[in-house]
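Chemist: Kindly return the folded structure for what I paste below:
(2 chains)
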Amino acid sequence: MVSGDKLFIIIVGCGRLGSYLANSLSRAGHSVVSIDVNESAFDSLSAEYSGFRVIGDATEIAVLKQAKTDKADMVIVTTQNDNVNLMVSQIAKRIFHIPKVMARVFEPKQEEIYHILDIETVCPTFVASELFLELIAEFLASDRKGSKQ
Amino acid sequence: MNILTIGSGKMLYFLCRSFLAKGHKVTVIDGDQSECIWLARRSNATVIYGDGTKPQMLEEAGANTADAALAITPDDHDNLSICQIASIRFGVPHTLALVNDPDNETVFKQLGVNAVSITRILSDIMEQKVSLDSITNLVLASEGKVNITEIVLKDTYPVIGKELRNIEFPENSLIAYMLRNDQPFVPRGNSVLQAGDRIFIVTLPENYGQVIRMLTEGKE
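Modeler: Next up, the predicted model:
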């Protein structure tokens, strides 16, 4: 733990989601390390981002060690590949014993295996469709439903 | 045995061929369509085209009834997923993953998956060949009539764990002294050789090869 509410957070993958999280968490004062295989991915980090950048494949335990993953309070795995995310989050949880590990999963069917392995997931497809369904339900419940009749 | 193999390329083909030749039933999942057609024509394996990391693909390939699953795709993380899904979701009793990164042998084991690293195997083999480099010819004494040689003993050598008196040195050769944990001493008949020992042997040029072989490869 860095100090007080400030956390040491590792973010694997610096794409749209990863860089957004890295920028926001860094701005909020957390100590952030961003890992990505492509150096150019770090271009999406904002000027306010004060964390570290590690270039490398996070499925290599040597890269995770270099990023001092063993000291992290939280690991968020956001690469484009579900299987990479599954592997990295398991390493973080079972080998580095990180208290909080979360992973993005694209394929909703793949979520089941994450749950069996006790890894917290966020599935964008599921989240987005739930939101849409909620909006649809709101629409149905509203007066506008009858406006066309 | 009912063997499920997931991967691609020549390794997949030759593994398939060898399993089939031994009378096993083989089902293959390959992500390359043209390779699937080729495999189906050239072997009696059941060939399925698709992504083997997808649970529904494994199900289609009969993972429920497979005795073993072998994941040999080029990506370590895919092989981990395949083995975990096969064993956790479908109860496949034996799974084995191929890994590139030698560190992943330990990592996968900690995550409950057996893994083999070709990189590690090849480098071990090379090292054994090159292990003679751990031998230093120190001195040619008495105008080249006597060799004094230093060897660091490796745990694979056949003499490890043996008492010196049970090792038959050729005539005109002996261990003059040795270093264990940097402590020098002159060994006796009841001294037991250990891996990491640095031994200094006195030989003649004629029996030098014989002594080295005896220490490193067993008796000739």
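Chemist: and B:Gly189, how many neighbours does it have?
Modeler: As a burial measure, B:Gly189 scores 9 neighbours (other Cβ atoms under 10 Å in any protein chain shown). (Each C-beta comes from the backbone N, C-alpha and C, glycine too.)
Chemist: That one in helix, strand or coil?
Modeler: Under the three-state scheme (DSSP: H, G, I helix; E, B strand; the rest coil), B:Gly189 adopts coil.
Chemist: Please name the nearest non-neighbouring residue to it.
Modeler: B:Arg165 (3.6 Å; Cβ to Cβ, 6 or more residues apart in numbering or on different chains).
Chemist: From B:Gln183, how far off is the one you found?
Modeler: 21 Å (Cβ to Cβ, to the nearest Å).
Chemist: Got phi/psi on the residue nearest to B:Gly189?
Modeler: phi -70, psi -20 (degrees, to the nearest 10).
Chemist: can you tell me how far it sits from chain A?
Modeler: According to Cβ to the nearest Cβ, to the nearest Å, B:Arg165 and chain A sit 46 Å apart.
Chemist: With B:Lys10 instead?
Modeler: 23 Å.
Chemist: ok but that residue is inside a strand, no?
Modeler: No: counting by three-state DSSP, B:Lys10 is not part of a strand but helix.
Chemist: Can you report how many residues neighbour it?
Modeler: Neighbourhood size, B:Lys10 [other Cβ under 10 Å]: 8.
Chemist: before we move on, what about B:Glu168?
Modeler: 7.
Chemist: Check it and give its pLDDT.
Modeler: B:Glu168 is assigned 87 on the pLDDT scale.
Chemist: cool, the one 10 residues further on as well?
Modeler: The confidence metric pLDDT takes the value 93 at B:Met178.
Chemist: Report the secondary structure state of it.
Modeler: Going by three-state DSSP: B:Met178 is strand.
Chemist: Enumerate every residue touching it.
Modeler: Applying Cβ atoms under 8 Å, 6 or more residues apart in numbering or on different chains, we find B:Met178 in contact with B:Pro184, B:Phe185, B:Val186, B:Pro187, B:Ser191, B:Asp197, B:Arg198, B:Ile199, B:Phe200.
Chemist: quick one, strands of the chain?
Modeler: This is for chain A. A:8-12, A:31-36, A:52-55, A:74-77, A:100-104, A:120-122 (DSSP state E).
Chemist: meant chain B actually
Modeler: According to DSSP E, the strands that chain B contains are B:2-7, B:25-30, B:46-49, B:68-72, B:94-99, B:115-117, B:135-141, B:146-152, B:174-180, B:183-185, B:198-203.
Chemist: export the ones you listed to JSON lines and tack on distance to A:Val127?
Modeler: Below are the strands of chain B laid out as JSON lines (distance: least, Cβ to Cβ, whole Å):
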{"stretch": "strand B:2-7", "distance to A:Val127": "30"}
{"stretch": "strand B:25-30", "distance to A:Val127": "30"}
{"stretch": "strand B:46-49", "distance to A:Val127": "32"}
{"stretch": "strand B:68-72", "distance to A:Val127": "30"}
{"stretch": "strand B:94-99", "distance to A:Val127": "31"}
{"stretch": "strand B:115-117", "distance to A:Val127": "34"}
{"stretch": "strand B:135-141", "distance to A:Val127": "64"}
{"stretch": "strand B:146-152", "distance to A:Val127": "59"}
{"stretch": "strand B:174-180", "distance to A:Val127": "63"}
{"stretch": "strand B:183-185", "distance to A:Val127": "65"}
{"stretch": "strand B:198-203", "distance to A:Val127": "63"}
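Chemist: nearest to A:Ile76, of these?
Modeler: Comparing those against A:Ile76 with Cβ to Cβ, the closest turns out to be strand B:94-99 (24.8 Å).
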